[in-house]
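Visitor: here is my input, please return the structure:
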Amino acid sequence: MTSASYCGGAGDAISLMLNNPVKIALVAGLGVVFELLGTLAIALSSTAVCYLIITTEPTYTDVLNSTVTPTVCFFLLSLSVGDYFMNLYGTSSDTIIVLYLMEEQAAKYVPGSSKHTPKELAEFIDHFDKDIVDGK
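Guide: Modelled structure (predicted):
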């Protein structure tokens, strides 16, 4: 993200994570929870819709002896699709926290250097950081 070499960029990323362990852990922990819940929600809702279709549509009810095997297949396929989508969510949230921390670090060393943060958001972040320091 800073056009550094691979090893230099990896070192910068590790340094950023070591300097902000609480923020990284919070986003990573919540990200895992949201990924799991999202994956299960996608899998269960897709499975429920497919189950309703195969139990109410005469095309399927006339041919199927049991709904267990197709329902298990629906669940496994939709779990796989849900996992793909939620992995994208996890990667995005990790990228956003790293970019936020890079922007925050740049603003600490060079006041006013925050290139991409809107003025209102920068004021909110400054106020929020002061509350954390003050223990509020």
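Visitor: how many neighbours does residue 37 have?
Guide: Using other C-beta atoms under 10 Å, residue 37 is surrounded by 11 other residues. In short, each C-beta sits where N, CA and C put it, glycine included.
Visitor: what sits against the residue nearest the centre of the chain?
Guide: What sits nearest the mean C-alpha location of the chain, by C-alpha atoms, centre = their mean, is residue 90, with 2.9 Å. By C-beta atoms under 8 Å, 6 or more residues apart in numbering, residue 90 lies in contact with 31, 32, 35.
Visitor: touching, the first one and residue 94? I think so.
Guide: Which is residue 31. Yes - between residue 31 and residue 94 there is a contact at 6.9 Å, judged by C-beta atoms under 8 Å.
Visitor: counting by contacts, list what the host helix or strand of residue 29 packs against.
Guide: Using DSSP states H and E, residue 29 sits within helix 21-56. Judged by 3 or more C-beta pairs under 8 Å, 6 or more residues apart in numbering; DSSP states H and E, helix 21-56 is in contact with helix 58-61, helix 68-109.
Visitor: return the most buried member of these.
Guide: Each of these was scored by mean neighbour count; the highest is helix 68-109, a mean of 15, by mean count of other C-beta atoms under 10 Å.
Visitor: which residue of this protein lies farthest from its centroid?
Guide: The chain, C-alpha atoms, centre = their mean, max distance from centroid: residue 62 (42.5 Å).
Visitor: how close does that residue sit to residue 55?
Guide: For residue 62, the distance to residue 55 equals 12 Å [C-beta to C-beta, to the nearest Å].
Visitor: same check, this time on residue 69
Guide: Taken as C-beta to C-beta, the span from residue 69 to residue 55 is 13 Å.
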